[in-house]
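Visitor: Here you go, sequence then predicted model.
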Amino acid sequence: MAIKEARHSDMNTTLPMLRDFSDRFSPIVVKELRQGLRTRFFTSALILFHTLIILLLVSVTYGAPLEAVNGIFWGIAGFMLLAVMPLRGFAALHTEATDGTLDMLTLTSIASFRILYGKWVALYSQALLVAGSILPYMVARYFFGGVEILREVVALVMLVLGSGVITAALLAFSSQGPLLLRIFLALCIGAGAVPLGFFTAFLVSASQADTMVREFFALDLWEQCSIIGGILALVVYAVYYFLALGASRIAPPSENHSTQKRLIALAVHGVLMVTGLLLCFLCTNPEVAMWAYVPLMFLTLIVCMDVLTEEMPRYPTTVAVLVRRGRLCRLAGRLLHPGWASGVLFSAILCVMPLCIMMGITWKSPSLDWDDGPFPYLVCVFLAVFVPVTLRINRKNIFANWWVVQLCSVFAGNLLLMFCHTMNARDLGVLGMFTPITALFGVNCVDYSSRDSVLFLGCVFSAVWLIAALVRAKMNFKTYTLLESEALEQAGQEPPSQS
């Protein structure tokens, strides 16, 4: 009887409810993970990926060469982590906008950046799941022989970090409506991922990689930590900036997502500039500073593209963060307020930073000079970002206009290059001086003796585009003055007498 009562009491005991995710997770992360893990795309891609890897390893037992197997293995892994998994964010925000769910999310208390961050965490977690599933196959290949486990671990880590940055970039650009624009941006991101793929292939297959690994471990401990910490810091910053870029595109127009983003960009770019200058002047080989210059150059172009395509603010709440803190902060607002007008001055300051590093390298390196060196070319590259400010082709979408103008410049430069070579009219290459990008093509049209003059004229006209952008920005500063006055009136303070 006692046994029956015990069994009856056990059956009536209420078991705790099972939870698939903790309540401490963001609701956006839980929502995206539940949807993402159940999609046919993810399950089909994961099953196909493991099927190919298993068949590849089985082929080793039938005498397949290990070098070919290793190359195919990392080709499949790289394609999965750098292309398949990040492409899931290609239309994430656009789909939310067309379905009407994005407006519902923005009406809640969830900030726009948290929406982007939650989506990125969900997509990146699935990429980490795929990367973790690769580890058993790496161990199996190690027992087959011909595998350097340390180099392969480093290669996997590089692929995982690159996957995070590519996912954030595709997620940020998915806020754009035009399909052709998103496809073009995805192709640009893919082109940027190609060097990472080649580096991974070099790391796992080339015998010279052993020398690179030995040279790394020959460095002092602080140098090793600096390199690893610098790479991780750049990855974190790149992910943050892309997410902030996407958040600013989907946020309500009354919110300010630009000031904090620009302050962080100034700090990071300033650190990179100082690091590059120290490496240039303290190291025996000044070209070591390229380790700081290269990431600074690409980050500068990305940030300039972002701030120069921001819509001008319409509500006083967007400038209230700075205007209520005194006159000095109001002046700083001409750099930090949202909108392309302040973005022109902000971009001009950012473009000076990588040029300072290149000036130091050119001055310290005996193999470079001011005429034949890369400095004039880089001036044209950086000043090309200001051309779309004054040249408007697409007046409805300022972001699309920036890319359309750049593509038209590249197309015009290619036409000039083909015409000069086909008609054997090299002297006409000087016509490319009117825009920075066409000047770079025009240099390749003229004779070597005339390149310096074409480059000089290209730099002069590039400076004209910068001056025109600054003048147009100055004319639109009155928008900030009006919004600042309204913000001060709402705060009960006296409006400024002048801008």
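Guide: Looks like it arrived, so ask away. Residues are numbered from 1 along each chain as shown.

Visitor: State the helix or strand in which the closest residue to residue 335 other than its chain neighbours lies.
Guide: Once flanking residues are discounted, residue 335 sits nearest to residue 346: 5.0 Å by Cβ to Cβ, 6 or more residues apart in numbering. Quick note: C-beta positions are derived from backbone N, CA and C, even for glycine. Residue 346 is part of helix 340-364, with elements assigned from DSSP states H and E.

Visitor: Could you do residue 246 as well?
Guide: Going by DSSP H and E, residue 246 is part of helix 221-250.

Visitor: Can you spell out which helices and strands pack onto that helix?
Guide: helix 92-99, helix 112-144, helix 149-173, helix 208-218, helix 259-282, helix 290-307 (3 or more Cβ pairs under 8 Å, 6 or more residues apart in numbering; DSSP states H and E).

Visitor: next helix or strand past the helix or strand containing residue 47?
Guide: Using DSSP H and E, residue 47 maps to helix 40-61. Using DSSP H and E, the helix or strand that follows helix 40-61 towards the C-terminus is helix 66-79.

Visitor: Could you figure out how far that following helix is turned away from helix 40-61?
Guide: Relative orientation of helix 66-79 and helix 40-61, computed by axes from the mean of the first three to the mean of the last three Cα atoms, to 10 degrees: 170 degrees.

Visitor: Which parts of helix 66-79 count as buried, going by neighbours?
Guide: Residues of helix 66-79 classed as buried by neighbour count (16 or more other Cβ atoms under 10 Å): 69, 70, 73, 74, 76, 77, 78.

Visitor: ok, these vs residue 412, which is closest?
Guide: residue 78 (35.6 Å; Cβ to Cβ).

Visitor: what about this structure, any weak spots by pLDDT?
Guide: 1-28, 32, 102-109, 145-146, 206-207, 366-373, 491-499 (pLDDT under 70).

Visitor: just to revisit the earlier point, got the contact list for the residue nearest to residue 335?
Guide: Neighbouring residues of residue 346 by Cβ atoms under 8 Å, 6 or more residues apart in numbering: 262, 307, 335, 336.

Visitor: can I see the domain layout of this structure?
Guide: Using automatic domain parsing, the domain parsing of the chain gives 23-252, 254-492.

Visitor: With respect to burial, which of the ones you listed scores highest?
Guide: domain 254-492 (a mean of 18; mean count of other Cβ atoms under 10 Å).

Visitor: Distance from that domain to the middle of the chain?
Guide: With Cα atoms, centre = their mean, to the nearest Å as the basis, domain 254-492 stands 16 Å off its chain's centre.

Visitor: let's number from 28 now, not from 1
Guide: Sure, I'll start counting at 28 from here, so that last one is domain 281-519.

Visitor: my read: residue 406 touches residue 488, true?
Guide: No. Checked against Cβ atoms under 8 Å, the pair residue 406 and residue 488 is beyond contact range at 11.1 Å.

Visitor: got any residues that touch both of the two?
Guide: In contact with both residue 406 and residue 488: residue 463, using Cβ under 8 Å, 6+ apart.

Visitor: Verify the stated contact: residue 435 with residue 419.
Guide: No. Assessed by Cβ under 8 Å, residue 435 is found out of contact with residue 419, at 11.9 Å.

Visitor: and which of the contacts of residue 373 is nearest to residue 123?
Guide: residue 334 (24.5 Å).

Visitor: separation between the closest one and residue 100?
Guide: Using Cβ to Cβ, to the nearest Å, residue 334 is found at 42 Å from residue 100.

Visitor: With residue 251 instead?
Guide: Taken as Cβ to Cβ, the span from residue 251 to residue 100 is 28 Å.

Visitor: got it, and residue 217?
Guide: Distance from residue 217 to residue 100, by Cβ to Cβ: 21 Å.

Visitor: same thing with residue 287?
Guide: Residue 287 is 42 Å from residue 100, by Cβ to Cβ.

Visitor: And for residue 476?
Guide: According to Cβ to Cβ, residue 476 and residue 100 sit 52 Å apart.

Visitor: Ok, residue 181 next?
Guide: Taken as Cβ to Cβ, the span from residue 181 to residue 100 is 16 Å.

Visitor: Just say helix, strand or coil for residue 137.
Guide: Under DSSP: H, G, I helix; E, B strand; the rest coil, the three-state class of residue 137 is coil.

Visitor: Now do the helices in the stretch 328-477 of the chain.
Guide: Along the stretch 328-477 of the chain, the stretches classed as helices by DSSP state H, counting those that start in this stretch are 347-350, 354-363, 367-391, 402-410, 414-417, 425-449, 463-470.
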